[in-house]
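Task: produce atomic coordinates for the following.
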Amino acid sequence: MQGVAPFELGVICEVFGVDRTGDGVPPFDFRICGESAGEPVRTTTGMSVVPDHGFEGLRGADVVAVPAGTLRDTYPPRLLDALRDAAADGATLLSVCTGAFVLGAAGLLDGRRCTTHWYQADAFRRRFPAALLDPDVLYVDDGDIVTSAGTAAGIDACLHLVRRELGSRITGRIARRMVVPPQRDGGQRQFIDVPTPEHPGDSLQPLLDWMGDRLAEDHTVADLARQARMSERTFARRFVAETGTTPSRWLATQRVLYARRLLEDTQHGIEQIARDCGFGTAALLRHHFRRVVGVTPTDYRRTFSQKRAAA
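Just a heads-up that it's a prediction; the model follows:
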């Protein structure tokens with residue numbers, strides 16, 4: 001639409017619109033659709049983009065992604081109708097940042113879990129009281145509707161959708177080319193109060209890399225604080241400030257991500273995968289896997305194997 005936000009549009013283009021078949025990423029049939037094909041659409045930053053398709057290009061799409069843009073009282077009726085038709089035809093709808101307002105205006109978020117940029121949360125609640133808004137998370141996967149928080153959280157939501165449909169290996173290849181983490185937990189809070197390091201060495205990134213290389217080992221807060229050369233209280237505060245989550249939750253998410261890769265790429269049993277990832281027992285792996293992914297490890301392996309066979 002007129003007033004589209006170029007960064008959020010660019011995130012969608014970067015994940016789905018770049019040909020990475022040379023890296024083993026399946027090709028996407030990618031279209032950018034505007035009100036009229038070939039007519040410039042103004043952005044929020046003093047430039048225009050020219051879409052190759054009109055809103056009729058949404059027909060038959062498996063995924064319809066709506067970037068952020070200038071908030072308005074009304075949205076183009078043709079767009080809202082096209083979104084409703086796409087939803088009725090079984091498409092997955094993905095919104096980035098305030099793109100959730102468009103889905104809300106189409107009536108597609110009534111009774112549905114969703115999120116948007118924290119800065120617009122109050123306005124969203126007033127306008128769409130029937131939507132189940134969670135303003136504190138990076139993204140929400142509600143099945144056929146995936147909504148993200150502001151700006152960079154759109155990267156997380158897009159990569160999450162790729163991971164859900166194509167697996168961790170393909171997602172990792174895209175993320176590596178984009179030079180971004182392959183996964184941040186959707187439940188991680190939106191606003192991260194990151195203190196500016198006085199020196200480059202003040203960042204916890206070296207510690208995070210160290211932890212990521214040792215997922216199978218036990219890590220207590222006391223051990224990690226010693227590794228970071230901080231008191232336990234200072235370390236716990238700095239960790240949450242820099243990552244938006246606790247050390248235990250960060251470790252659990254990274255272990256689940258590694259478990260997904262092992263489920264996709266190996267025939268190892270669930271008990272062995274649990275040990276290799278650092279969970280120790282299959283029961284603990286199943287608990288955390290279901291919390292993060294939404295299904296059991298066995299169901300995930302079966303579903304992913306079926307998708308790979310169909311491809």
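
could you say which helix or strand contains Q272?
Assessed by DSSP states H and E, Q272 sits inside helix 270-277.

how close does H288 sit to V221?
Computed as Cβ to Cβ, to the nearest Å, the H288 to V221 distance reads 18 Å. Placement of C-beta: from N, CA and C, glycine included.

More neighbours: which of the two?
Neighbours around H288 and V221, counted as other Cβ atoms under 10 Å, are more numerous at H288. The numbers are 20 against 15.

OK, contacts around the more buried one?
H288 makes contact with A252, R255, V256, F279, according to Cβ atoms under 8 Å, 6 or more residues apart in numbering.

Which helix runs longest in the chain?
If you go by DSSP state H, the chain has its longest helix at helix 247-265.

That helix to helix 270-277, inter-axis angle?
For helix 247-265 against helix 270-277, the angle by axes from the mean of the first three to the mean of the last three Cα atoms, to 10 degrees is 130 degrees.

for helix 247-265, packing partners?
Using 3 or more Cβ pairs under 8 Å, 6 or more residues apart in numbering; DSSP states H and E, the elements in contact with helix 247-265 are helix 168-178, helix 205-212, helix 221-228, helix 232-243, helix 270-277, helix 282-293, helix 297-310.

Out of those helices, the one nearest A123 is which?
Shortest distance between A123 and the helices and strands packed on helix 247-265, using Cβ to Cβ, is found for helix 232-243: 27.5 Å.

packing partners for the closest one?
helix 221-228, helix 247-265.

ok, and what's touching the longest one?
Outside of helix 247-265, the residues within contact range by Cβ under 8 Å, 6+ apart are 163, 167-169, 172, 182-185, 208, 211-212, 215, 219, 221, 224, 236, 239, 243, 245, 268, 273-274, 276-279, 285, 288-289, 291-293, 297, 300-301, 304.

in it, what counts as buried?
By 16 or more other Cβ atoms under 10 Å, the buried positions in helix 247-265 come out as 247, 249-264.

Also stretch 276-283?
D276, C277, G278, F279, A282.

got a list of contacts for that stretch?
By Cβ under 8 Å, 6+ apart, the list of residues contacting stretch 276-283 reads 215-218, 251, 255-256, 258-259, 262, 268, 270-271, 274, 285, 288, 297.
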